[in-house]
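> starting from these lines, generate the structure:
(one chain, ligands or ions: 1)
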Amino acid sequence: MKVTINQKEFERIIDYNQIKKRIRLIGIQLNVAYEHQHPIFVGVLNGCFMFMADLMKQIHIACEVSFVKLSSYDGSARRDQVTELIGLDVDLEGRDIVIVEDIVDTGNSLKHTLDLVNKQNPASVAVCTLLLKPSAVTHTFDNIAYVGFEIDNAFVVGYGLDYRGLGRTLPDIYKEITS
Ligand code: IMP
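Below is the predicted model:
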């Protein structure tokens with residue numbers, strides 16, 4: 001199945017049923033890993049909103065939820081500079097943190113979020129990302145503990161991810177068709 005967004009063609013690579021199944025499994029892992037810990041899930045907006053909503057419905061342990069908002073993309077072009085638009089509003093000192101990302105591409109945004117979180121001396125920090133582009137990552141991370149899907153280094157939209165502001169509401173995930 002194909003969609004066109006702003007004159008660009010995309011083809012479906014992951015459907016919502018697959019996403020839901022994967023999220024159920026990640027939820028089970030998180031419930032077991034954090035059973036006695038009362039973690040704080042920190043979602044990185046905007047892209048994480050669908051993943052966060054579906055993931056949190058699978059979390060049955062005591063936990064808190066917070067968000068940060070960063071801007072690192074200009075349409076579909078990467079920018080090296082990451083800007084913080086909404087900061088953290090909870091005290092993370094001594095707490096167990098799970099950062100929830102839509103996608104780790106270059107990893108710049110994750111690096112920035114980790115720096116922000118680590119400044120507050122949390123007890124532990126793990127990363128949960130729906131998508132990971134292993135061949136695009138430019139940093140070394142040792143705490144990406146939960147990954148929904150590893151994908152090729154192609155631009156993707158849907159399930160929270162946008163192309164120039166559009167495509168976020170698609171329930172499935174699509175990748176750009178390049179000729
Ligand atoms: P980074 O390159 O890992 O810093 O990615 C930063 C942010 O850019 C992600 O959290 C996404 O919101 C967005 N992003 C990265 N890759 C894609 C993509 O393929 N499609 C749509 N948004 C993306």
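> rest of the way, CA atoms for contacts and neighbours
Fine.
> strands along the chain, start to end?
2-5, 8-14, 40-45, 64-74, 77-86, 96-104, 124-132, 144-150, 156-157, 173-176 (DSSP state E).
> just put these in TSV and tack on mean neighbour count and distance to the ligand.
TSV is the format used below for the strands of the chain (neighbours: other CA atoms under 10 Å; distance: least, CA to the nearest ligand atom, whole Å):
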stretch	mean neighbour count	distance to the ligand
strand 2-5	14	12
strand 8-14	16	11
strand 40-45	23	7
strand 64-74	16	5
strand 77-86	13	7
strand 96-104	24	4
strand 124-132	21	9
strand 144-150	17	12
strand 156-157	26	4
strand 173-176	22	8
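> tabulate those strands (CSV), appending mean pLDDT.
Shown next, in CSV, are these (pLDDT from 0 to 100):
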stretch, mean pLDDT
strand 2-5, 96
strand 8-14, 97
strand 40-45, 96
strand 64-74, 80
strand 77-86, 62
strand 96-104, 98
strand 124-132, 98
strand 144-150, 98
strand 156-157, 98
strand 173-176, 98
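> as CSV, the ones you listed with distance to residue 23 would be great.
Formatted as CSV, the strands of the chain follow (distance: least, CA to CA, whole Å):
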stretch, distance to residue 23
strand 2-5, 24
strand 8-14, 13
strand 40-45, 15
strand 64-74, 17
strand 77-86, 26
strand 96-104, 12
strand 124-132, 8
strand 144-150, 7
strand 156-157, 18
strand 173-176, 14
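> out of those strands, flag the one nearest residue 164.
Proximity to residue 164 (CA to CA) singles out strand 64-74 among these, at 7.7 Å.
> show me what that closest one is packed up against.
strand 40-45, strand 77-86 (3 or more CA pairs under 8 Å, 6 or more residues apart in numbering; DSSP states H and E).
> how many degrees apart are that strand and strand 40-45 in direction?
Put simply, strand 64-74 runs at 30 degrees to strand 40-45, going by axes from the mean of the first three to the mean of the last three CA atoms, to 10 degrees.
> given strand 64-74, what are its sheet partners and their directions?
strand 40-45 (parallel), strand 77-86 (antiparallel) (DSSP bridges).
> what's the longest helix in the protein?
In the chain, taking DSSP state H as the definition, the longest helix is helix 16-33.
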